[in-house]
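Q: Give me the fold of what follows.
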Amino acid sequence: MDPHSILLRNASLPSRPGLHDVALCAGRIAAIRPAQGTAPGRGTDEVHNLDGRFVLPGLWDNHVHFTQWVIRQQRLDLTGSGSAADVLALVAAAVPAGTAGQTLVGFGFRDALWPDAPTRAALDSVSGTTPVVLISADLHCLWVNTAAARALGIAGADGGLVREAECFRTLEKLEDPDAISFEAYRRAADAAARRGVVGIVDFENADNLQLWPERVRHGVDALRVEVSVWPDRLADAVGLGVKTGDVLDERGLITMGPLKVIVDGSLNTRTAWCWDPYPGLPAGRKHSCGQNTVPVQELRTLMAAARNAGIGAAIHAIGDRANTAVLDTFEELGMTGVIEHAQLVQEKDFARFRELGLAASVQPEHAMDDRDVADMFWPGRTGRAFALASLHRAGVPLRLGSDAPVAPLDPWFALASAVSRSRDSREPWHPEQCVPAVVALAASARGRSGVQVGEVADLAVTEADPLTATGEKLRTMPVSATLLGGRFTWRDF
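A: Next up, the predicted model:
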């Protein structure tokens, strides 16, 4: 059988004048030539007239917790809450009065700026015997009631709050990927494809090497997925002999990615590991400068084991002290890799990313979510917070992502925040850290800022030029089609 061919007629290409015909064959871009109007595409299986729509590289979300994103829709939505009282009202309305039932799980609270404190007693008062687990928007903190602490064996709750390691252990108890239907995963993947997404890097702490190929076999095939392995599954991955870049499924959609290690906490939970203390922490709160959640010596051992097995490293570092420690470890081991988040970086450390051959995987939408929290808890340092332009000027390759469900799995949000540092009509926050649209697009498309002959036909078709659109127009960019290896995963024309 001849390879399937598609001709995209009358396409606009960012930064190129005129209209073009883009020919695809066997999953690759076979030719790009001046448009031939409506001349028939002889020998072509499909011909589509784009009427001037823009063809650009398909987009990647380089940091996703996919199962968490899928099940977010099943959880009590706390994202609009502005206080502990707001959350308690939502819980009270969701808990059947006077009855015990299944665990109620909520998601999305951000307590850093609340005027009142979350307490276990207050949550008990509205939930009774129903176990309640409320997950913070940054996934680093839980607010739990007494019934949940007993049912799930949660230890060390500080007035009802559970942070970092105990939080992650509890999240694993709440998650059962086998209990989520393949249809739910397929809907989430298809929704991402409708926004021009062709691939994700999945940092879910799960048996991704087995789960994702199985999902593809059951029709979850709208995305390429690079899967990670966490420390507790590293030995298994090494035993299987898989290396970063290895293909894990028959269709070539799933590849082995990096080791993921979390070495500090988060800004909203005030556990990101910093050189300076957090102002105004509650009395008795430990770790005034944040937490080093994986000791540096342990990190070094894990990264060395991954390096020796041919597995790359993607290390979570948010605070400036965490970033320095991770940079030091990469340097000591002679490894290249990725630092995830890099939210607060010392001025002298920006150049070290480039010198060590490291990429920065960053989430620009977090800067919009956290700007007020950063102003309060990182005073005098926000000029080097979420510092995309500083990283870019230093020659550091950027990779944009969402950290979904922390922010929506929609690369256009990241693009908009990267180029404008603004949302909801607010004044730009540290506009000197904006990056040009061409930089943001490349950081969302695995380094591709345009389409070239010979490349895999992972493409997005948009109604407007992303290189000239304003930040707000980027945020709502209409996507007319997405192609994965020359196969339409979404089309609306």
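Q: just checking, what packs against the helix or strand in which Ala314 is found?
A: In this structure, Ala314 is located in strand 313-317 according to DSSP states H and E. Other helices and strands packing on strand 313-317, by 3 or more C-beta pairs under 8 Å, 6 or more residues apart in numbering; DSSP states H and E, are strand 254-262, helix 296-308, helix 320-333, strand 337-341. In this view, the C-beta of every residue, glycine as well, is placed from N, C-alpha and C.
Q: My understanding was that Gly486 contacts Ala26; is that so?
A: Yes - the pair Gly486 / Ala26 is scored as a contact, 7.2 Å apart, by C-beta atoms under 8 Å.
Q: Now the common contact residues for those two.
A: Residues touching both Gly486 and Ala26 (C-beta atoms under 8 Å, 6 or more residues apart in numbering): His4.
Q: who's more crowded, those two?
A: Ranked by neighbour count (other C-beta atoms under 10 Å), Gly486 and Ala26 place Gly486 first, with 21 against 12.
Q: measure the more buried one to Arg448 for me?
A: Distance, Gly486 to Arg448, using C-beta to C-beta, to the nearest Å: 16 Å.
Q: could you dump the helices and strands packed on strand 313-317 to a markdown table with distance to Cys289?
A: Supplementary listing: the helices and strands packed on strand 313-317 in a markdown table, determined by distance: least, C-beta to C-beta, whole Å:
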| stretch | distance to Cys289 |
| --- | --- |
| strand 254-262 | 17 |
| helix 296-308 | 15 |
| helix 320-333 | 7 |
| strand 337-341 | 17 |
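Q: Buried deepest among those, which one?
A: Stretch with highest mean neighbour count among the helices and strands packed on strand 313-317: strand 337-341 (a mean of 27; mean count of other C-beta atoms under 10 Å).
Q: Just list what that one packs against, helices and strands only.
A: Under the contact definition 3+ C-beta pairs under 8 Å, 6+ apart, strand 337-341 sits against strand 254-262, strand 313-317, helix 320-333, strand 358-362.
Q: I'd like those as a markdown table, with distance to Val419 and mean pLDDT appended.
A: A markdown table is the format used below for those (distance: least, C-beta to C-beta, whole Å; pLDDT from 0 to 100):
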| stretch | distance to Val419 | mean pLDDT |
| --- | --- | --- |
| strand 254-262 | 27 | 98 |
| strand 313-317 | 24 | 98 |
| helix 320-333 | 24 | 98 |
| strand 358-362 | 13 | 98 |
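Q: Dump those into TSV; add distance to Pro397 as well.
A: Output for the helices and strands packed on strand 337-341, formatted as TSV (distance: least, C-beta to C-beta, whole Å):
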stretch	distance to Pro397
strand 254-262	15
strand 313-317	13
helix 320-333	14
strand 358-362	4
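Q: which stretch among the ones you listed comes nearest His140?
A: Smallest distance to His140 across these (C-beta to C-beta): 8.8 Å, for strand 254-262.
Q: can you give me how far the closest one is from the chain middle?
A: Offset of strand 254-262 from its chain centre (C-alpha atoms, centre = their mean, to the nearest Å): 13 Å.
Q: what packs against that strand?
A: Judged by 3+ C-beta pairs under 8 Å, 6+ apart, strand 254-262 is in contact with helix 208-217, strand 224-229, helix 231-240, helix 296-308, strand 313-317, strand 337-341.
Q: quick one: the longest one to helix 320-333, angle?
A: Compare the direction of helix 296-308 with that of helix 320-333 by axes from the mean of the first three to the mean of the last three C-alpha atoms, to 10 degrees and you get 50 degrees.
Q: helices or strands next to helix 296-308 in the packing?
A: Using 3+ C-beta pairs under 8 Å, 6+ apart: helix 296-308 touches helix 231-240, strand 254-262, strand 313-317, helix 320-333.
Q: Include distance to Trp490 when you put the ones you listed into a markdown table, please.
A: Converted to a markdown table, the helices and strands packed on helix 296-308 look like this (distance: least, C-beta to C-beta, whole Å):
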| stretch | distance to Trp490 |
| --- | --- |
| helix 231-240 | 32 |
| strand 254-262 | 20 |
| strand 313-317 | 28 |
| helix 320-333 | 37 |
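Q: Between the ones you listed, which one is closest to Gln452.
A: Taking C-beta to C-beta, strand 254-262 is the member of the helices and strands packed on helix 296-308 nearest to Gln452, at 21.5 Å.
Q: export the closest one as CSV, just CAs?
A: C-alpha atoms of strand 254-262 as CSV (Å, rounded to 0.1, in the frame of the first residue of the first chain):
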residue,chain,number,x,y,z
ILE,A,254,5.3,6.3,24.2
THR,A,255,9.0,6.8,25.0
MET,A,256,11.1,6.5,28.1
GLY,A,257,11.8,9.8,29.7
PRO,A,258,13.8,10.9,32.8
LEU,A,259,14.1,10.1,36.5
LYS,A,260,12.0,12.6,38.4
VAL,A,261,13.2,13.7,41.9
ILE,A,262,11.5,16.4,44.0
